[in-house]
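J.: sequence unavailable; structure follows:
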């Protein structure tokens, strides 16, 4: 038995409050249904918090950074050193995730989950290192059972700690050269989607071409043809991917609204949902990534992203853009005036 199997199970999301939330929204000073998916977000926030007037508090972006041993097989256009470089930019407030977060009034937390080259201490950086990057999963498992269990537990704890600080909204992002290879294999294992569908260029097609990347991943899967979420994370995951999965469990346990970013964070969600299907109803999926396989992962999860801007940067850049929508949804329930009397039934 995996030590990670002792991870807390997710309580099914109760929908008992949904009819009352829907009635309250329909009574607002607007035509019924006229705020579209903002109304969907309001219901989600009410169900997560079990409140007709949810107080979501502040919003946090947790960016998990780690390196991947599979980079040694030439699956990416960039060297592993870029992971630490971009982590430093995020600490300094100058990475893409910071720019998006600033516009959405979201506070950024950077977590070293396992960079090969640690970044020097920084006020915005939290070191929760499992190791100096995962192992080359073409040759052996990316991590041990103990390392996987630690990564899941740390992600869980980080979500809880942020909720205790008043962060009721948690956006999840990542940094890590090579992590689209890791994410594609994790997703392939648990969804059974073909590698040709889930493998894309990531940060840039490797010098040997995209087919080389597919071939390396196919050979890696032949070494360990696993199917469960835990096995997929252990064999092919990254420390940052496992920590994001753990944070999803922690957010669900803490009744925190969690927002999933693009392809890599969604692959973490696929593994987490495969571990515990009850988690699915707690997750919001922000945007449709330009990474080709993301469409298929969304379909597997029965998820509809809130927007599609052709983004594929990672770092939580898409996830934080849902925060203003959530704030509007909260304000609709808290502040928006009601119309007296029953609303007319809209024509269909």
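T.: Cool, the structure landed. Note that the coordinates shown come from a computational prediction; the quantities given were computed from them, not determined experimentally. Numbering: from 1, shown residues only.
J.: for the residue nearest to residue 280 when sequence neighbours are not counted, give me phi and psi.
T.: Nearest non-adjacent residue to residue 280, counting by Cβ to Cβ, 6 or more residues apart in numbering: residue 273, 4.9 Å away. In this view, the C-beta of every residue, glycine as well, is placed from N, C-alpha and C. Residue 273 adopts backbone torsions of phi -70, psi -30, taken as degrees, to the nearest 10.
J.: now for residue 273, how many residues are close by?
T.: For residue 273, the neighbour count with other Cβ atoms under 10 Å is 25.
J.: go ahead and confirm it touches residue 281.
T.: No. Counting by Cβ atoms under 8 Å, residue 273 stays clear of residue 281, with 9.8 Å between them.
J.: all the helices of the stretch 151-300 of the chain, residue numbers only.
T.: Assigned by DSSP state H, counting those that start in this stretch, the helices in the stretch 151-300 of the chain fall at 179-191, 195-198, 210-223, 229-236, 239-253, 263-275, 294-300.
J.: quick one: which of those helices is nearest residue 101?
T.: helix 263-275 (14.9 Å; Cβ to Cβ).
J.: quick one: pLDDT of the residue nearest to residue 280?
T.: pLDDT recorded at residue 273 is 98.
J.: dump the residue contacts of it.
T.: Shown in contact with residue 273 (Cβ atoms under 8 Å, 6 or more residues apart in numbering): 229, 279-280, 283, 301.
J.: if we go to 10 Å?
T.: Residue 273 is in contact with 10, 190-191, 229, 245, 248, 279-283, 300-303, counting by Cβ atoms under 10 Å, 6 or more residues apart in numbering.
J.: kindly report the same for residue 304.
T.: 37, 40, 285, 288, 298.
J.: of the residues you listed, closest to residue 320?
T.: Distances from residue 320 to these, taken by Cβ to Cβ, are shortest for residue 285, at 13.6 Å.
J.: for the residue nearest to that closest one when sequence neighbours are not counted, give its distance to residue 339.
T.: Spatial nearest neighbour of residue 285, excluding adjacent residues (Cβ to Cβ, 6+ apart): residue 303 at 4.3 Å. Residue 303 sits 33 Å away from residue 339, taking Cβ to Cβ, to the nearest Å as the criterion.
J.: the two: who's more crowded?
T.: Per other Cβ under 10 Å, whichever of residue 303 and residue 339 has more neighbours is residue 303, with 17 against 12.
J.: the more buried one touches residue 266, doesn't it?
T.: Yes. Residue 303 lies in contact with residue 266 (Cβ atoms under 10 Å); the separation is 8.0 Å.
J.: can you list residues touching both of these two?
T.: Common neighbours of residue 303 and residue 266, using Cβ under 10 Å, 6+ apart, are 260, 283, 285, 288, 297.
J.: count the residues that sit near the third one.
T.: In other words, residue 285. Other residues within reach of residue 285, judged by other Cβ under 10 Å, total 23.
J.: tell me which residues touch it, please.
T.: Counting by Cβ under 10 Å, 6+ apart, residue 285 touches 259-262, 265-266, 269, 294, 297-298, 301, 303-306, 318-319, 322.
J.: any idea which of the helices of the stretch 151-300 of the chain is most buried?
T.: helix 239-253 (a mean of 31; mean count of other Cβ atoms under 10 Å).
J.: thinking again about what came up before, where does the residue nearest to residue 285 land in three-state SS?
T.: The three-state label given to residue 303 by DSSP: H, G, I helix; E, B strand; the rest coil is coil.
J.: what stretches of the stretch 101-250 of the chain score poorly on pLDDT?
T.: Along the stretch 101-250 of the chain, the model assigns pLDDT under 70 to no residue.
J.: the chain: strands as residue ranges?
T.: 59-66, 107-114, 125-127, 169-175, 257-260, 283-285 (DSSP state E).
J.: want to throw those strands into TSV with distance to residue 215?
T.: Formatted as TSV, the strands of the chain follow (distance: least, Cβ to Cβ, whole Å):
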stretch	distance to residue 215
strand 59-66	24
strand 107-114	26
strand 125-127	35
strand 169-175	25
strand 257-260	29
strand 283-285	30
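J.: nearest to residue 311, out of the ones you listed?
T.: strand 169-175 (11.6 Å).
J.: figure out how far that closest one is from the centre of its chain.
T.: 6 Å (Cα atoms, centre = their mean, to the nearest Å).
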